[in-house]
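K.L.:
the amino acid sequence is not available; the structure is as follows:
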């Protein structure tokens, strides 16, 4: 048995169902009855006394990455630890104190979301802040204030953590951003050509050798409006049991479009940042994306960021989505505006980096402990 997997107090994981009013009638028709996992640290039950009083604990919300859900982080894992096991080990090793960890399910039929409100996907920022936070504070012995509440995540979850520090600081006292989406000109822009190629398979008219009437073919696509191919692509992947890598990445970019540039007046409820026929960038649409890029939000969100008791950011310097450049620029912007934070890099890529929680969870606990 490895050091990581030695026998130790493991705490208790509870899985509840939460019926969300915020997610009811969401535009994608996704379920509003969601499972919610909550990990209670060792000693939680022994601290309870009659009347519901007893020791109270800081609380951390785990925001998972794209295609993930909170329950995935409490599942058994081979050769590794799930998040409750990791937290229990860190607690046993006295690297952090006891905290409650919450695992929300924010999965969507678009593959996930960025933990923001979108008229094309749903109100997931409100789901977290207006529903789950009060629910957890009411049903568990949390230290029910922002000074003792934090969130953390990787990739889309890392984006969610830093964007909540920027826009919803009244709810969070500290955040940890692992390899979060940032510097969209590198992490998204450069990935769109293969998404355009994937969507091209679903255009109305099949391509044939010979003359091409580009003006006719781009009529709708030039305005960032779906000409039918996005709808056909989504219907195709939603009917499949297994998605190809190119389909997953295309779905991700479409989910980002639905997040950053929703428009209820157009088909599917969102616009695209590229001309589907010519591949030209539609600058008006891309500006909507850039307005949500963390590196562009530091100045306007300076007051909220300065109110944080802790901001932790890290990224592998071999990240295959080029997110280390966004992380570096984000750290640079924070420094330029006098915002305290910790930024670290490590020798790895974007995949299977949960071990970085060995750094972030103790950091968050120290920032939020009573």
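P.N.:
Structure received. Computed from a predicted structure; not experimentally measured.
K.L.:
just the buried residues of the longest helix seen in the chain, please?
P.N.:
Taking DSSP state H as the criterion, the chain has its longest helix at helix 245-260. With burial defined by 16 or more other CB atoms under 10 Å, the residues of helix 245-260 counted as buried are 247, 249-260. Heads up, the C-betas are built off the backbone N, CA and C, glycines and all.
K.L.:
that one: what's the following helix or strand?
P.N.:
Counting by DSSP states H and E, the next helix or strand C-terminal to helix 245-260 is helix 283-290.
K.L.:
list the contacts for the one residue sitting closest to the centre of the chain?
P.N.:
Centroid-nearest residue in the chain, with CA atoms, centre = their mean: residue 157, separated by 2.5 Å. Residues counted as contacts of residue 157 (CB atoms under 8 Å, 6 or more residues apart in numbering) are 62-65, 68, 115, 178, 180.
K.L.:
could you turn the buried ones of the residues you listed into a ChimeraX selection?
P.N.:
Provided next is the ChimeraX selection string for whichever of those are buried by 16+ other CB under 10 Å:
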select :62,63,64,65,68,115,178,180
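K.L.:
which one of the contacts of residue 157 is nearest residue 21?
P.N.:
Distance to residue 21, by CB to CB, is smallest for residue 115 among the contacts of residue 157, at 18.1 Å.
K.L.:
what about the closest residue to that closest one other than its chain neighbours, distance to residue 33?
P.N.:
Counting by CB to CB, 6 or more residues apart in numbering, residue 160 is the residue found nearest to residue 115 once chain neighbours are left out, at 3.1 Å. Separation of residue 160 from residue 33 (CB to CB, to the nearest Å): 22 Å.
K.L.:
among those two, which residue is more densely surrounded?
P.N.:
residue 160 (31 against 11; other CB atoms under 10 Å).
K.L.:
follow-up on the earlier one: contacts for the longest helix of the chain next, please.
P.N.:
Under CB under 8 Å, 6+ apart, the answer for helix 245-260 is 66-67, 108, 110-114, 116, 118, 120-121, 188, 191-192, 194-195, 197-199, 230, 233-234, 237, 240, 243, 268-273, 288-289, 291-292.
K.L.:
cutoff 6 Å now
P.N.:
Helix 245-260 is contacted from outside by 66, 110-111, 114, 118, 120-121, 195, 198, 237, 270, 272, 288-289, 292, using CB atoms under 6 Å, 6 or more residues apart in numbering.
K.L.:
chain center to the worst-scoring helix or strand of the chain on mean pLDDT, what's the gap?
P.N.:
Lowest on mean pLDDT, DSSP states H and E among the helices and strands of the chain sits helix 214-217, with a mean of 84. Offset of helix 214-217 from its chain centre (CA atoms, centre = their mean, to the nearest Å): 37 Å.
K.L.:
could you list the domains of this structure?
P.N.:
3-182+294-368, 186-290 (automatic domain parsing).
K.L.:
return the most buried member of these.
P.N.:
domain 3-182+294-368 (a mean of 19; mean count of other CB atoms under 10 Å).
K.L.:
need the mean per-residue confidence for it.
P.N.:
Taken as a whole, domain 3-182+294-368 has an average pLDDT of 95.
K.L.:
now it: how far from the chain's centre is it?
P.N.:
On CA atoms, centre = their mean, the centre of domain 3-182+294-368 falls 9 Å from the chain's centre.
K.L.:
check stretch 357-370 too.
P.N.:
19 Å.
K.L.:
so which residues of the stretch 1-150 of the chain form helices?
P.N.:
Ranges of helices in the stretch 1-150 of the chain, per DSSP state H, counting those that start in this stretch, are 83-92, 124-126, 133-139.
K.L.:
okay if I get those as a markdown table plus distance to residue 312?
P.N.:
As requested, the helices of the stretch 1-150 of the chain are arranged in a markdown table below (distance: least, CB to CB, whole Å):
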| stretch | distance to residue 312 |
| --- | --- |
| helix 83-92 | 15 |
| helix 124-126 | 21 |
| helix 133-139 | 20 |
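K.L.:
out of those helices, which is closest to residue 264?
P.N.:
Closest to residue 264 of the helices of the stretch 1-150 of the chain, according to CB to CB: helix 124-126, at 17.0 Å.
K.L.:
what sits up against the closest one?
P.N.:
Residues from elsewhere that reach helix 124-126 (CB under 6 Å, 6+ apart): 22, 106, 113, 115-117.
K.L.:
mind telling me what element residue 231 is part of?
P.N.:
Assessed by DSSP H and E, residue 231 sits inside helix 229-238.
K.L.:
three-state assignment of residue 153?
P.N.:
Following DSSP: H, G, I helix; E, B strand; the rest coil, residue 153 is assigned to strand.
K.L.:
so what's the residue lying closest to residue 23 once chain neighbours are set aside up against?
P.N.:
Nearest non-adjacent residue to residue 23, counting by CB to CB, 6+ apart: residue 32, 4.1 Å away. Neighbouring residues of residue 32 by CB under 6 Å, 6+ apart: 20, 23-24.
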